[in-house]
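just coords:
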């Protein structure tokens, strides 16, 4: 009897008594508030993740069902259409075998309609291509007009921007702002032009002098009866 009592006491304990871990001797007990917060946070996260996964799975299942139903419908329609076509051709063949005049009508109409129907198909294709080409040209024409309209606004703005940039460059080059910089640049440009004109006048006068000297020498040589020396650009005496 004494040996049976420990087993009976073990049976009287509930499942929680077996699952409760032993408490360490030096562990600090957790506060009730932290335990409650952790206990409520974990189920909320699990619930949100479970809801998102369920919504995703339901959406995927709905899409798969929709695609499957569309595929089934298309297959059914194609199968029914082929069955109807085969049935119609079978009936037509039977009637043509039974009525030779019907056979003559069908064959004659089919053969004679082959060329007009082919021409009509070609006409439809050509007119479709022409319409597409015309539409494309119209789009380009309209877009070109709109681009030109935009350029009428862009070009004046860019001219103003270039003028401002030139004014800034002139101000940096001369160190003077405003109209003073413009006048200074104009004076420097005028001085350079005058200097170029002066150099050109000197060169022209020198060339004329050299030509006159060469003519005088030729006349003197002709008068003396000697051979005319070759004319060079530079005067050897100078």
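Now that the structure is in, tell me what you want to look at. Note that the structure is predicted; figures quoted are calculated from it, not measured.

could you report the pLDDT at residue 168?
pLDDT for residue 168: 79.

name the element it belongs to?
Using DSSP states H and E, residue 168 falls within helix 100-174.

could you check how far residue 217 is from residue 208?
Distance of residue 217 to residue 208, given as C-beta to C-beta, to the nearest Å: 15 Å. Any C-beta I mention is one placed from the backbone N, CA and C, and that applies to glycine too.

okay, those two: which has more neighbours?
Remark: of residue 217 and residue 208, residue 217 carries more neighbours, 16 against 10, as counted by other C-beta atoms under 10 Å.

work out for me the element that one sits within.
Secondary structure assignment for residue 217, by DSSP H and E: helix 179-224.

by how many degrees do the helix holding residue 168 and helix 179-224 diverge?
Taking axes from the mean of the first three to the mean of the last three C-alpha atoms, to 10 degrees, one finds helix 100-174 and helix 179-224 inclined to each other by 90 degrees.

after the lowest-mean-pLDDT helix or strand in the chain, which helix or strand is next? Please name it.
Across the helices and strands of the chain, mean pLDDT, DSSP states H and E gives its lowest value to helix 15-19, namely a mean of 46. As assigned by DSSP H and E, the chain's next helix or strand after helix 15-19 is helix 32-98.

just how off-centre is that following helix within its chain?
Taking the mean of its C-alpha atoms, helix 32-98 sits 36 Å from the chain's own mean (C-alpha atoms, centre = their mean, to the nearest Å).

cool, and stretch 107-114?
When distances are taken as C-alpha atoms, centre = their mean, stretch 107-114 is centred 52 Å away from the chain's centroid.

what's in contact with that stretch?
Residues from elsewhere that reach stretch 107-114 (C-beta atoms under 8 Å, 6 or more residues apart in numbering): none.

and residue 168, how far from residue 174?
Per C-beta to C-beta, residue 168 is found 11 Å from residue 174.

now residue 105
For residue 105, the distance to residue 174 - C-beta to C-beta - is 99 Å.

so these two - more neighbours on which side?
residue 174 (15 against 12).

isn't that one right next to residue 184, touching?
Yes: the criterion here is C-beta atoms under 8 Å, and residue 174 meets it with residue 184 at 4.8 Å.

okay, now the unreliable bits of the chain?
Within the chain, the stretches with pLDDT under 70 are 1-46, 175-182, 185, 225-238.

hmm, try it at 90
1-115, 145, 150, 153, 156-157, 160-238 (pLDDT under 90).

now do the domain split for it, please.
Domain ranges of the chain: 39-98, 114-175, 178-222, per automatic domain parsing.
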